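Participant: missing the sequence, but the structure's below:
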Ligand code: NAD
């Protein structure tokens, strides 16, 4: 309890999946959490759940790939909380196609959310963090480290997030801002519902290299986010935490 007490956090894509559990975990450990998402109904439900459990949270409707929306998010947090300690760049999308079959507008769609969204978030939030320092947690993937079939734009985008994290770590430590990436493996969320709960062949292919006989639970990734958000990780900077049940070890 209270591992991030007194901190103000922002989680993008917080309406469902891992963004929901990151928001709930940070709030349960004492943070005031701004939950943002395109999905207003889902985001408000997450906030209500946090508040009903005694935590502090607020929803802001937000397209993470929009510069104007980021300006609104930063202005709202400045007005309501006066600072930001933790930025979790979680919003992301997946298009299941190999690069050579991906249309240019699909490529842009993935990069606009997964890469430009992270960049815009850092750009908008650093002014709110630089006086007191803080922690930026960028959600990449094991597919920002290794390849896989059928996700050319996604894998390229998550690789970009991994190295954006390291370049920002070099640039932002002057403000006391730590920057790290989290690399989940196969996680049971709405994003992977069709893959993990579909036919046996797809499930076996997806789960193939995982050394556990189950997908990871979103809450297990949230523990890595919590560690990076908290002062427990005070010397952890510019690096990556892989939560993949051994997938990349195999
Ligand atoms: P999800 O699809 O279950 O949830 C994503 C959330 O992001 C949704 O609430 C959605 O509305 C929101 N979102 C999408 N585009 C947005 C935008 N432009 N602006 C604001 N919100 C937006 O996804 P998830 O599985 O929880 O994944 C969360 C993050 O973790 C993503 O970055 C994803 O790439 C990454 N990831 C997921 C897995 C997995 O197996 N599920 C593995 C590795 C990494």
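Facilitator: Thanks, I have it. Because the structure is predicted, anything quoted here is derived from the model rather than measured.
Participant: so who does the most centrally placed residue in the chain touch?
Facilitator: Centroid check for the chain by Cα atoms, centre = their mean gives residue 90 as the closest residue, at 2.0 Å. Contact analysis of residue 90 by Cβ atoms under 8 Å, 6 or more residues apart in numbering lists 11-14, 18-19, 22, 139. Any C-beta I mention is one placed from the backbone N, CA and C, and that applies to glycine too.
Participant: how about a cut-off of 10 Å?
Facilitator: Residue 90 sits next to 10-14, 17-23, 36-37, 64, 117-118, 121, 137-139, 182, 221, 225 when contact means Cβ atoms under 10 Å, 6 or more residues apart in numbering.
Participant: helices and strands around the longest strand belonging to the chain, which ones?
Facilitator: The single longest strand within the chain, with elements called by DSSP state E, is strand 177-184. With contacts defined as 3 or more Cβ pairs under 10 Å, 6 or more residues apart in numbering; DSSP states H and E, the packing partners of strand 177-184 are helix 17-28, strand 86-89, helix 117-129, strand 134-139, helix 152-172, helix 218-229, strand 240-243.
Participant: what's the closest of these to residue 50?
Facilitator: Nearest of the helices and strands packed on strand 177-184 to residue 50, taken as Cβ to Cβ: helix 17-28 at 4.4 Å.
Participant: for the helix or strand that the longest strand of the chain is followed by, which positions count as buried?
Facilitator: Remark: after strand 177-184, the chain's next helix or strand is helix 193-196, criterion DSSP states H and E. For helix 193-196, the neighbour count (16 or more other Cβ atoms under 10 Å) marks 195-196 as buried.
Participant: show the subsequent helix or strand relative to helix 193-196.
Facilitator: Downstream of helix 193-196, the first helix or strand assigned by DSSP H and E is helix 200-207.
Participant: hmm, who's touching that next one?
Facilitator: For helix 200-207, using Cβ under 10 Å, 6+ apart, the contacting residues are 148-150, 185-186, 192, 194-199, 213-215, 245, 247.
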